[in-house]
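Undergrad: sequence first, predicted coordinates after that:
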Amino acid sequence: MGEVVNVAVAFLVIVFIFRWATSSSDASDADKALGFRPKKVTQEMVDTVASMFPDIPPDNIRYDLLRSGSVETTSNRVLERGFLDPPPQGYYTLYPRTNANAPGAPQQPRQAAQAAPEKPKETLISRFALESRVTQANPISDAEVGGKAIWEDSAAKREASLRERKAKMILAARQRMLEQQEKNKAS
């Protein structure tokens, strides 16, 4: 019985010595800086969580992924708490900040924002091609806008009827807005 205990203790000592000898020095630096042994994290994992939660800073995502090692766990943590803990200062010695990741910096690079051409705002009038009807000064009464639609025989007629009702609603809303603006100017 005594020999079995001696063999078990010797085996455990050999295992611990082997693990200590084969552990890399980089992992121990990371252990000291972060306070835990970090899991392997790829940029794809960070991008996956960042695409689901664009308001969470990438450094917070990477730090939480280093702790959990799982996109699913990190996503659940964001859903449960609404935020992720910011990394400690030791994190930035291992993973330096980039300009895009610095606090207070915009998440998207400025070059991408400048490269995108500005699109004119699409209005309801242009979306429903009502420019020609806007120039006409025919007032639309509220009785014309509301009410029930007549059920037409064919799908094409029903679609045309619906399109006409939408146009009347848009023009009536525009007319009310212009009247309200005139009242505000007069006041």
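TA: Done, it's in.
Undergrad: following the one helix or strand residue 74 maps to, which helix or strand shows up next?
TA: Assigned by DSSP states H and E, residue 74 belongs to helix 71-81. Later in the chain than helix 71-81, the nearest helix or strand by DSSP H and E is helix 89-94.
Undergrad: what helices and strands are in contact with that following helix?
TA: Secondary-structure packing of helix 89-94 (3 or more C-beta pairs under 8 Å, 6 or more residues apart in numbering; DSSP states H and E): helix 25-34, helix 58-68. Placement of C-beta: from N, CA and C, glycine included.
Undergrad: okay, the longest one in CSV with CA atoms only?
TA: Okay, so that is helix 58-68. This file holds the C-alpha atoms of helix 58-68, laid out as CSV (Å, rounded to 0.1, in the frame of the first residue of the first chain):
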residue,chain,number,x,y,z
PRO,A,58,-13.6,45.8,-30.2
ASP,A,59,-11.2,45.8,-27.2
ASN,A,60,-13.9,44.9,-24.8
ILE,A,61,-15.0,42.1,-27.1
ARG,A,62,-11.5,40.7,-27.5
TYR,A,63,-10.9,40.9,-23.8
ASP,A,64,-14.1,39.0,-23.0
LEU,A,65,-13.3,36.4,-25.7
LEU,A,66,-9.8,35.9,-24.2
ARG,A,67,-11.6,35.1,-20.9
SER,A,68,-14.3,32.9,-22.3
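Undergrad: between that helix and helix 71-81, how big is the angle?
TA: Relative orientation of helix 58-68 and helix 71-81, computed by axes from the mean of the first three to the mean of the last three C-alpha atoms, to 10 degrees: 120 degrees.
Undergrad: ok, and what's touching helix 58-68?
TA: By C-beta atoms under 8 Å, 6 or more residues apart in numbering, the residues outside helix 58-68 that reach it are 34, 36, 38-39, 41, 45-46, 49-50, 53, 71, 74, 77, 83-87, 91-92, 95, 97, 100-101.
Undergrad: which of those count as buried?
TA: Neighbour counting over these (16 or more other C-beta atoms under 10 Å) leaves 34, 38, 41, 45-46, 49-50, 53, 71, 74, 77, 84, 87, 91, 95, 101 as the buried ones.
Undergrad: for those residues, which one is nearest residue 176?
TA: residue 53 (40.2 Å; C-beta to C-beta).
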